[in-house]
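>>> A structural model of the following input is requested.
(2 chains)
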2 protein chains.
Amino acid sequence: MANDANPAYFPYANNMIEEENQSDQKPLLKTIHRVDHGETMVQRIFEMIGHSKFFSDFTREEIERLAVFMQIYRAEVGQTIIQEGDVDDNLLLIVEGRVEITKTDSHGDRRPMTVVGPGATLGEMSMIDGEPRFATCIAVEETTFAVLSRDSMVRIIIEEPALGSKILIKLVTLLSQRLRATSSNLLQYLEN
Amino acid sequence: MANDANPAYFPYANNMIEEENQSDQKPLLKTIHRVDHGETMVQRIFEMIGHSKFFSDFTREEIERLAVFMQIYRAEVGQTIIQEGDVDDNLLLIVEGRVEITKTDSHGDRRPMTVVGPGATLGEMSMIDGEPRFATCIAVEETTFAVLSRDSMVRIIIEEPALGSKILIKLVTLLSQRLRATSSNLLQYLEN
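Purely as a prediction, here's the structure:
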């Protein structure tokens, strides 16, 4: 399927197309315990992500179709889920647990930015623009999360365009809201 | 066509569906001079937006199809193109000229944020999330810009899903890059 993916969708994604061996059955994350194996787990993924705010506008049938493209992982307390500066292209959706987001400041110190919980998405910027990870995400509780790779996202857009558009609109809405909040914060600092 | 639009694509867009009279032939902006009238102008729109960085990944044929959904306007020096707090849902692409972006601070003073020129997009946040305009945009030179309404965006997604996905990916990439830049700026202020 990956061979059908049109690199024009993601201009930076040429390297992805060459990774022919990467299938949904291959773990996306090497160092973190994968919970699901095989298609029998689709129902379980559906049950987990179906309650997430991210998918509140999605029908049950859409979530089931999407679940086929996702994998579920569980991280232990203290485990790094995303490492700042790394190049990887997975979108993560937290199902259970809590994750602290930190970023290295100009003095090399790691600064806590926020803690997020179930329903939060992580890594959508890198999935979309292919740039290195902006921040580090560490599980501060045992955390279960669903993973959608950029490869799967391209396949959804090509094979299920209506579902693909819906996810893209959700992502662009999410980024837009974050940009408003961050810009407002920045403006407050500029005023002082 | 607008009647075919599925409101599920944009959860906030129910009011849009009721505006049955709004067609591409009706001006999107009331106070600004519209340059194009009718389909004979599609080629001119194509020529203008075809050179924009925003569409650098688009084929000629894709830009021509998109041009059908856009309108071209020209603003005089000093004319307000977007008013902070207004609720409207157009995406603007600057073709020629320069636009100053200002935002009202907590003391009610208008603060200049930046000046943008040809190739820049304005208003993509409101087009996507339906929230009021975040900032005011004023032409500081005579400015020509192309306008894509949310209504047209929904139509493109439904009638031309591949083209729709490509625009959405472009938007999400743009927002992602801006969010990275704004977050980095904010972090620098937080450090001091």
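
>>> switch to C-alpha atoms for all contacts and neighbour counts from now on
OK.

>>> so what pairs up with the most centrally placed residue in chain A in the strands?
By Cα atoms, centre = their mean, chain A has its centre lying nearest to A:Leu91, at 1.4 Å. Beta-bridge partners for A:Leu91, by DSSP bridges, are A:Leu148.

>>> please list all residues in contact with it.
Taking Cα atoms under 8 Å, 6 or more residues apart in numbering or on different chains as the criterion, A:Leu91 is in contact with A:Thr121, A:Leu122, A:Gly123, A:Glu124, A:Ser126, A:Met127, A:Val147, A:Leu148, A:Ser149, A:Arg150.

>>> cool, and A:Val77?
Contacts for A:Val77 (Cα under 8 Å, 6+ apart) come out as A:Ile138, A:Ala139, A:Val140, A:Glu141, A:Glu142, A:Thr143.

>>> which bits of chain A sit near chain B?
Neighbours of chain B within chain A, by Cα under 8 Å from any Cα of the partner chain: A:8-11, A:57, A:105, A:125, A:128-129, A:134, A:157-158, A:161-162, A:164-166, A:168-169, A:171-173, A:175-180, A:182-183, A:185-189, A:191.

>>> how about the strands of chain A, start to end?
A:33-34, A:71-75, A:80-82, A:90-96, A:99-104, A:110-116, A:121-122, A:136-139, A:143-149 (DSSP state E).

>>> circling back to that earlier point, just the ones of the residues of chain A next to chain B in helices?
With helices defined by DSSP state H, the entries of those inside them are A:125, A:128-129, A:157-158, A:161-162, A:164-166, A:168-169, A:171-173, A:175-180, A:182-183, A:185-189, A:191.

>>> can you select the buried ones from the residues you listed in PyMOL?
Listed next is the PyMOL selection for buried residues among these, using 16 or more other Cα atoms under 10 Å in any protein chain shown:
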select buried, chain A and resi 125+128+129+157+158+161+162+164+165+166+168+169+171+172+173+175+176+177+178+179+180+182+183+186+187
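
>>> for chain A, which residues score under the pLDDT cut-off?
Residues of chain A meeting the criterion pLDDT under 70: A:1-26, A:36-42, A:44, A:50-51, A:192.

>>> hmm, back to that, any chance of the contacts of A:Leu91 in TSV, plus neighbour count?
Shown next, in TSV, are the contacts of A:Leu91 (neighbours: other Cα atoms under 10 Å in any protein chain shown):
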residue	neighbour count
A:Thr121	20
A:Leu122	22
A:Gly123	21
A:Glu124	24
A:Ser126	22
A:Met127	25
A:Val147	23
A:Leu148	23
A:Ser149	19
A:Arg150	21
